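Enquirer: give me coordinates for this.
(chains A and B)
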2 protein chains.
Amino acid sequence: MEEEGAHTRVDGDEGRGHDQEWSSMEEPLLKKTPSLTSTDLAMVGAQVSHMESLDYEIIENDLFQDNWRSRSREEILQYIFLKWMLAFLIGLLTGGIAALINLAVENIAGQKMITVSALVDQKRYFAGLSYLTLVNLALTSVAAILCVGIAPTAAGPGIPEIKAYLNGVDTPDMFSPSVLFVKIIGSIGAVSSGLDLGKEGPLVHIGACIAAQLGQRHRRGCRWLRHFDNDRDRRDLITMGASSGVCAAFRAPVGGVLFALEEVATWWRPALLWRTFFSTAIVVVVLRGATELCKSGRCGLFGRGGLILFDVSNVEVHYYPADILPIIAVGVIGGILGSLYNFLLHKVLRLYSLINEKGKAAKLLLSLSVSIFTSVFAYSLPFFAKCSPNPANGSIGNLERFNCPAGYYNELATLLHSTNDDAVRRVFSTATAGEFGTAALTAFFAFYCVLGLITFGIAVPSGLFLPIILMGSGYGRLIAVMASGFIKMDQGLYAVLGAAALMAGSMRMTVSLCVIFLELTNNLLLLPITMIVLLIAKTVGDCFNPSIYEIILELKGLPFLQPNPEPWMRNLTVGELAAAKPAVVSVSSVEKVSRLMEVLTTTSHSGFPVVDRCARTMATELHGLVLRSHIIAALRKKWFLKEGGRMDEWKVREVFGTGELAERAQSIEEMDFTAEEMEMYVDLHPFINLTAHTVVDSTSVSKAVVLFRQVALRHLLIVAKYPRPEASTLVGILTRQDLRAHNILNAFPDIASRKASGNREKFTP
Amino acid sequence: MEEEGAHTRVDGDEGRGHDQEWSSMEEPLLKKTPSLTSTDLAMVGAQVSHMESLDYEIIENDLFQDNWRSRSREEILQYIFLKWMLAFLIGLLTGGIAALINLAVENIAGQKMITVSALVDQKRYFAGLSYLTLVNLALTSVAAILCVGIAPTAAGPGIPEIKAYLNGVDTPDMFSPSVLFVKIIGSIGAVSSGLDLGKEGPLVHIGACIAAQLGQRHRRGCRWLRHFDNDRDRRDLITMGASSGVCAAFRAPVGGVLFALEEVATWWRPALLWRTFFSTAIVVVVLRGATELCKSGRCGLFGRGGLILFDVSNVEVHYYPADILPIIAVGVIGGILGSLYNFLLHKVLRLYSLINEKGKAAKLLLSLSVSIFTSVFAYSLPFFAKCSPNPANGSIGNLERFNCPAGYYNELATLLHSTNDDAVRRVFSTATAGEFGTAALTAFFAFYCVLGLITFGIAVPSGLFLPIILMGSGYGRLIAVMASGFIKMDQGLYAVLGAAALMAGSMRMTVSLCVIFLELTNNLLLLPITMIVLLIAKTVGDCFNPSIYEIILELKGLPFLQPNPEPWMRNLTVGELAAAKPAVVSVSSVEKVSRLMEVLTTTSHSGFPVVDRCARTMATELHGLVLRSHIIAALRKKWFLKEGGRMDEWKVREVFGTGELAERAQSIEEMDFTAEEMEMYVDLHPFINLTAHTVVDSTSVSKAVVLFRQVALRHLLIVAKYPRPEASTLVGILTRQDLRAHNILNAFPDIASRKASGNREKFTP
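Expert: Now for the predicted structure:
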């Protein structure tokens, strides 16, 4: 904890204590990080100025313990019942909203394509182009205006922020009702406008928003829900929400749980696994119910896809040695392309952040330009493609004639003149070898590569899954077509493998992707091959750069704590780390108001160690840690003592409700004390977290990182291994920022050089 | 850490330091646990006398740090490469052995049943009975004699011990080559003998054995593998081995990973997830290759099942409201039956342990009796069943005529006269409504309930999965047949749901079971229903007792550390816990040989805090922790100093290799020192773990439990929050045993009563 307080930032920011916590997190050792520029911080759509660390650990102070011991059996059962009810509600609402979005998108986009087809059939090509472009522009505008005007944080996928939240970093306005609203309407607009983006990422965010809203404080009317108004329970709820979102996006209940487990969540408990699974089960039942309801066509074009999105189960998979090489090639290329995509997207996002900084109009203009570009090229490219004769046994219903004579079809129009989901279905389609030639697939792949790079950063809700699936399926099928002389497996399955490989190459997931693809395609026999391809692609991708989510986290400046400490962290002790920081600011257990006010205004720390010093023996006593928010709460109640001493416990309980103490730090601006009050004392005893975690100063940073992350800490106190009567027991305090690799490297360049000798650099985007 | 040393146990046990650690783990607060009797400890097949705690944390002493810093880039890459190679080898070997076991079992059991069928067709009923009984008896004898004579730990499933190992408790002789050998041959014998047990549990154990052998010390010739000779890496390897085993058993690669994650492993890292996934991918490729090789019939009866064991994907699943109630009934009954099974199996295992205590002959006799019982009844019961006419459109090939006239078949014979896998296939078979009537299914269910209870505890390698699947499918199909008037879903799917529900009711897993059933049956549309049924069954089962694995862990006296602390643990501080224990035994950093010998002989602790006291100021310095094994290693080298002082570091490195220090504690019996040597000193500095984890004495036990388990500790030091010059900083030391709920409850009965007020009892088998 340091003295310098980043006041410039705090100043303009009355009404929120958050910022101070964030700045205290931000500054510790970080003067200027190498990969982080100010443009990055103002990046695409998300405001990152007011982040906050979360308290996932239980603050065991006197008040908490009284409260804990007085819980009745009924209260505990009520709490357990409510947790299940909330899991149920999250599943129900996410599933319902997903069904609604699907209903809207499939009808809007479907009707649009039907009209375009009709115009093309009448040879009114220019009318078709104008209609498509204008409708798409209108739909994009809805999404972009909402995003730019109402909720900028609703742009993008939201998954990195959820990942950061579950790691312990709160991005403000990420889960508010307005974000939820914009995300739902914006997704419908953006996805139906034919932009190269999917509803998958947004649905994950929607699930998380629903979960956060259900666990939110503002529902004060409901006495029951107050139990869930703490960071710990909200974390669990958001994990469930994110899983439900993935499940709703891919209709993959197990894949949803695993995605949350492998990619999104930092902490995990068996009980949470089970409850998350329950949520996704509800989602899939709701979706199943909705498709059954709509089977008879009463929901327009919705529900034709059935419960399994891209079913390729009608092909028997056999393994032939001839397929080994092409399959390995799909994996290797997936890894290379995936990391290349990560690299290029990083550049594009930096460029976009420069444009977006210019204001709302620029943001809007960028989105609309991308929309026009997409519409015009998607419509016109097929004009350059050749016409192919309809296959004798082909699925004629799926092929687009476009500008071709009767009995012929346009390969590229079949791929580009459709909704995104239909495009995937067509490129995944099995038993259709030869329907798409090299030229069409190359154009398809190249076009979606360009779109995949330029679309993601615009100010509309967007996901990464669908663009990557489209790109991947393109190159997968292309390989199959090019090697069609000697491969024996179906070309559609190569498209599936390509999509899986590119996902693994960019997102670097394995088990969850495998299950998602299994649930997407319903072909269990493909599973072993999918596993191999995913493993190859991830391995190859890891050689070049980190996953796309890590890149975005880094771009957004979110202080994510990585699962594994860097090897060189064993060479540094926390004592050395503490010595490089300014001295700790601590308070006494019974402290003067004036001193507290001074500490609160001159520092921006979120927690203060409580240390008493015996005047006679000079021995120090480390009581624990008190939160900034609790000090402010005590000051606001003007809960003062004339002279030093202890308050009676029952008095404390009368004055401070537990709900009140769960609230975040209030602003200190409005507090005004008389000179007399300033000389009075506050008894902090009831608020002190008596069980703050400590490490001795000889502990390696490596161990501290493991401890910090595994036990989900916000503050870690360093105590002296050899306490000396004349020196304080307390050596320092560590926060999330202090334990981040590049902050440490900045403060200890010698470690960096020592590190270079033995270990490889992990982050090089 | 306490003074009393459980000497009686140590005495007869030269050559092993293990026991002492175990007894130091065992005794702390536990005088006599309520649910643990001596008969339990000598339970079915497994010897539990010499358990040991494992060091999953890195001992950061001077020697380690020197070694760490001097690692070259090549060494690190070599290490990473080797880890992947080992993952590959584990998958390859487990898959290969699984294919071999399947080959042997399917041929032996298949040929046996063909002969029996032929005898029955000739109306030579008694000859059939004799043949079946004798062949089964012979096969059982092979398994039982090997188990009783060579490797008693090979009996049973092994999964509880693996679970304990991954939690930090080593059961000796669990992963030795002889166990591996007995497990393979014994499984073949036991499974083909028609006993009601499967190869699933044993295969998990086989996978773990292979993994442990690959990471074992005895391969000293191989310089490379020495890196893996530590508890931490062996833990990772065994996790991979267990996953590979599940994968090999069910041909379910994702299910295998999830089973390890949800049920078996205590700690988990993303990197491990990925590597485990790689192992299971290899297993499934090997199995796939084996079945492809054997397709043309060159492996006898092996490979007919294909890669998906119990394929029910040929049925289209539709959801009808009429099915809701029966499906819920399947779930609820699964939960009730599962917990009842757990309860009864617990009683049977206690009874069997009394029998098994009587010696090897008794063990053998018990196994053979069960075999005779199984054979006689499985053969004869169908005589009491009625004959049914062959269905017009039925799968005639699957139906057994047995004693019926031509054109008829015997329902019960169809279920009982087959290998276990075939029985499951027949009861799962879809589109065969009416093939099995109420009477036959009731008899089948009742018979397998009896077998399921009496078979598990006998001295042969056995799994729990198959018996439970058989029971569950019986009652599931029974419900479908009884409700056949109004249900619309296929009866075979009810059998699948019944099996899943009973598994969840007994084993209490959710996600992994769901995926295993998905991979077993290849019917994705069944997934949502399976999820609901599993959740209901688990919830109902949890109301009555813990999972079967927890019951067996408790029976075997394995000190498993539960994932969540009990709620009442918040009401107790570690300081109070330490005060209830005998005083800590600590050593000085430079200690006299005589004192060390005294400490080693009078206590049985595995680690000692190192505390120096300054004679002048009386201030204590807590250096860290030194392991018993390291003290013994130093003493054995006679690495003494004439007077107190420090050794030069390079000298230390010359004398002690890191491999040597990774070894377990040697016996102290052989050490013999002269009187002169006894007066010399040992410099313990190089061995002291400088970064032993500490907590302050006001920490709640609840937090200590979370810390202990999350960071995978073996010892946790308690330091005084208010260090006083006259008192030691060190207050106490906590081990696994100190943090176990029922040990604490025994030492603090008042906590137990306080607890009763607010929280429910968790363990009541």
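Enquirer: which helix in chain A has the most residues?
Expert: When chain A is parsed with DSSP state H, its longest helix is helix A:73-121.
Enquirer: so which bits of the next helix-or-strand element following that one are buried?
Expert: Later in the chain than helix A:73-121, the nearest helix or strand by DSSP states H and E is helix A:125-149. For helix A:125-149, the buried set under the neighbour-count rule, 16 or more other Cβ atoms under 10 Å in any protein chain shown, comprises A:128-129, A:131-133, A:135-137, A:139-148. (Each C-beta comes from the backbone N, C-alpha and C, glycine too.)
Enquirer: please write out the alpha-carbon positions of stretch A:75-86 in CSV.
Expert: Taking only C-alpha atoms (Å, rounded to 0.1, in the frame of the first residue of the first chain), the coordinates of stretch A:75-86 have been written out as CSV:
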residue,chain,number,x,y,z
GLU,A,75,-32.3,-18.9,7.9
ILE,A,76,-29.7,-21.4,6.6
LEU,A,77,-32.3,-23.5,4.9
GLN,A,78,-33.9,-20.4,3.4
TYR,A,79,-30.6,-19.4,2.1
ILE,A,80,-29.9,-22.8,0.4
PHE,A,81,-33.4,-22.9,-1.0
LEU,A,82,-33.0,-19.4,-2.4
LYS,A,83,-29.7,-20.3,-4.1
TRP,A,84,-31.5,-23.0,-5.9
MET,A,85,-34.4,-20.7,-6.8
LEU,A,86,-32.0,-18.2,-8.2
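Enquirer: the residue sitting nearest the centre point of chain A and chain B, how far apart?
Expert: When chain A is reduced to its mean C-alpha position, the closest residue under Cα atoms, centre = their mean turns out to be A:Ile159, at 2.2 Å. Between A:Ile159 and chain B the computed distance is 16 Å (Cβ to the nearest Cβ, to the nearest Å).
Enquirer: ditto for A:Ile101
Expert: Applying Cβ to the nearest Cβ, one obtains 20 Å for the distance of A:Ile101 from chain B.
Enquirer: which ones are touching the residue of the stretch 451-600 of chain A found nearest chain B?
Expert: Nearest to chain B in the stretch 451-600 of chain A, going by Cβ to the nearest Cβ, is A:Met531, at a distance of 3.9 Å. The contact partners of A:Met531, by Cβ atoms under 8 Å, 6 or more residues apart in numbering or on different chains, come to A:Thr510, A:Cys514, B:Pro253, B:Phe277, B:Thr280, B:Ala281, B:Val284.
Enquirer: what's the lowest-pLDDT member of these?
Expert: Among those, A:Thr510 carries the weakest pLDDT, at 86.
Enquirer: my read is that that residue contacts A:Leu535, right?
Expert: Yes - the pair formed by A:Thr510 and A:Leu535 meets the contact definition of Cβ atoms under 8 Å, at 6.5 Å.
Enquirer: more crowded one of the two?
Expert: For A:Thr510 versus A:Leu535, neighbours defined as other Cβ atoms under 10 Å in any protein chain shown are more numerous around A:Thr510 (26 against 23).
Enquirer: next, the residue in the stretch 201-350 of chain A that chain B sits nearest to: secondary structure please.
Expert: With Cβ to the nearest Cβ, the shortest gap between the stretch 201-350 of chain A and chain B falls at A:Ala281, namely 3.9 Å. Assigned with DSSP: H, G, I helix; E, B strand; the rest coil, A:Ala281 falls in the helix class.
Enquirer: skipping adjacent residues, who's closest to it in space?
Expert: Nearest in space to A:Ala281, with sequence neighbours left out and distances taken as Cβ to Cβ, 6 or more residues apart in numbering or on different chains, is B:Met531 at 3.9 Å.
Enquirer: list the buried ones in the host helix or strand of that neighbour?
Expert: Using DSSP H and E, B:Met531 sits in helix B:527-542. Residues of helix B:527-542 classed as buried: B:527-542 (neighbour count, 16+ other Cβ under 10 Å).
Enquirer: dump the C-alpha coordinates for stretch A:111-125 into CSV.
Expert: Once side chains and other backbone atoms are set aside, the C-alpha atoms of stretch A:111-125 remain, and they are given as CSV (Å, rounded to 0.1, in the frame of the first residue of the first chain):
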residue,chain,number,x,y,z
GLN,A,111,-37.6,-12.5,-44.1
LYS,A,112,-34.9,-10.2,-45.3
MET,A,113,-33.2,-12.9,-47.3
ILE,A,114,-36.5,-14.1,-48.7
THR,A,115,-37.2,-10.7,-50.0
VAL,A,116,-33.7,-10.4,-51.5
SER,A,117,-34.0,-13.7,-53.1
ALA,A,118,-37.4,-12.7,-54.7
LEU,A,119,-35.8,-9.5,-56.0
VAL,A,120,-32.9,-11.4,-57.5
ASP,A,121,-35.3,-13.9,-59.1
GLN,A,122,-36.9,-11.0,-60.8
LYS,A,123,-33.4,-10.0,-62.0
ARG,A,124,-33.8,-6.7,-60.1
TYR,A,125,-30.2,-6.9,-58.9
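Enquirer: wait, isn't A:Pro609 in contact with A:Ser588?
Expert: No - taking Cβ under 8 Å as the definition, A:Pro609 is not a contact partner of A:Ser588, at 10.5 Å.
Enquirer: tell me which of those two has more neighbours.
Expert: For the pair A:Pro609 and A:Ser588, the greater number of neighbours falls to A:Pro609 (28 against 18), based on other Cβ under 10 Å.
Enquirer: report pLDDT for the more buried one.
Expert: Here the pLDDT value assigned to A:Pro609 is 91.
Enquirer: next, count neighbours for the nearest residue to it once chain neighbours are set aside.
Expert: What sits nearest to A:Pro609 in space, not counting adjacent residues and going by Cβ to Cβ, 6+ apart, is A:Ser586, at 4.4 Å. Summarising burial for A:Ser586: neighbours were counted as other Cβ under 10 Å, giving 23.
Enquirer: quick check: residues of the stretch 51-200 of chain A near chain B?
Expert: If contacts are counted using Cβ under 8 Å from any Cβ of the partner chain, the residues of the stretch 51-200 of chain A sitting beside chain B are A:Ile58, A:Glu60, A:Gln65, A:Trp68, A:Arg69, A:Arg71, A:Ser72, A:Arg73, A:Ile76.
Enquirer: which residue, neighbours along the chain excluded, lies closest to the fifth one?
Expert: To tie it back to what came earlier, the one meant is A:Arg69. Here the nearest residue to A:Arg69 in space, its sequence neighbours aside, is B:Asn571; by Cβ to Cβ, 6+ apart that works out to 6.2 Å.
Enquirer: assign A:Phe377 to helix, strand or coil.
Expert: A:Phe377 is classified as helix under three-state DSSP.
Enquirer: A:Val695 too?
Expert: Secondary structure of A:Val695, reduced to three states by three-state DSSP: strand.
Enquirer: wait, isn't it in contact with A:Val574?
Expert: Yes - with contact taken as Cβ under 8 Å, A:Val695 and A:Val574 are classed as touching, separated by 5.8 Å.
Enquirer: residues contacting A:Leu273?
Expert: Counting by Cβ under 8 Å, 6+ apart, A:Leu273 touches A:Val257, A:Leu261, B:Glu262, B:Thr510, B:Val511.
Enquirer: and the residue lying closest to the last one once chain neighbours are set aside, what element?
Expert: By the measure of Cβ to Cβ, 6+ apart, the closest residue to B:Val511 outside its immediate chain neighbours is A:Phe277, 5.2 Å from it. Taking DSSP H and E as the definition, A:Phe277 sits inside helix A:270-293.
Enquirer: around chain B, which positions in the stretch 251-400 of chain A sit nearby?
Expert: Residues of the stretch 251-400 of chain A that fall close to chain B, judged by Cβ under 8 Å from any Cβ: A:253-254, A:257-258, A:261-262, A:268-271, A:273-274, A:277-278, A:280-281, A:284-285, A:288, A:292, A:307-308, A:313, A:319.
Enquirer: overlap in contacts, A:Thr510 and A:Leu535.
Expert: In terms of Cβ under 8 Å, 6+ apart, A:Thr510 and A:Leu535 are both contacted by the residues A:Ala504, B:Trp274, B:Phe277.
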